[in-house]
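Engineer: Quick one: sequence and predicted model below, then my questions.
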Amino acid sequence: MVMNHSTAQNSPISEIWINKHIAAKILGLSIHTLKKLRSEKARPEDRLLEGIHFVRYGKYCVRYNAELLRDYAATRSDPKTHRRAIEIYLASLPSNQPKRVGRARNIS
C-alpha cells in the first residue's frame, strides 16, 4: 500500500510503503543521502537492503518500508538489534508462513 504524507501519519497499518520524501523525513536525512544509503557506496552496516528496506517498481519508482526505517533510525548505533527487527519482519511475511499439511477443505 502506498500512501501520501497526510495519510501515512494517521494510518493504523503497521507496514506502510512510503515515498522518498517521507522516508527522508523519518530518517532525518536528505533525499540525496537516502539514495546513497541504497547504493553500493554506503558502508555495509549503513546500507539499506533492497527487498527489505525498499522495493523498486520499475526504473524510477522506489518505495520504503516505514516500519523498518523507523527501527533503522532508532538502532543506528546497534546494527545487531536492527538485524533482529529484519528477521522478525521477514518471518512475518505470508511467504514465510508454514504450509498447511493435508487435503484442501471444500467450502460449500
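Structural biologist: On my side now, so go ahead. None of the values given here were measured: they were computed from a predicted structure.

Engineer: so where is the chain shaky, pLDDT-wise?
Structural biologist: The chain contains residues with pLDDT under 70 at 1-15, 104, 108.

Engineer: Can you tell me which helices and strands the top helix by length along it packs against?
Structural biologist: In the chain, assigned by DSSP state H, the helix with the most residues is helix 79-92. Helices and strands touching helix 79-92, by 3 or more C-beta pairs under 8 Å, 6 or more residues apart in numbering; DSSP states H and E, are helix 66-74. The way it works is simple: take the backbone N, C-alpha and C, and place the C-beta from them, glycine included.

Engineer: Buried ones in the helix it packs on, by neighbour count?
Structural biologist: 66, 67, 68, 69, 71, 72 (16 or more other C-beta atoms under 10 Å).

Engineer: Correct me if wrong: the last one contacts residue 48.
Structural biologist: Yes: taking contact to mean C-beta atoms under 8 Å, the distance of 7.4 Å between residue 72 and residue 48 places them in contact.

Engineer: Need the contact partners of the longest helix of the chain.
Structural biologist: Residues from elsewhere that reach helix 79-92, judged by C-beta atoms under 8 Å, 6 or more residues apart in numbering: 45, 49, 52, 65, 67, 68, 71, 72, 75, 76, 96.

Engineer: Could you identify the most distant pair in those?
Structural biologist: Distances among the contacts of helix 79-92 were taken as C-beta to C-beta; the most separated pair is 76 and 96, at 26.0 Å.

Engineer: Comparing the two, which residue is more hemmed in?
Structural biologist: Under the neighbour definition other C-beta atoms under 10 Å, residue 76 and residue 96 were set side by side, and residue 76 has more, 13 against 9.

Engineer: looking at this, the more buried one is in a strand?
Structural biologist: No: Residue 76: not assigned to a strand; according to DSSP: H, G, I helix; E, B strand; the rest coil it is coil.
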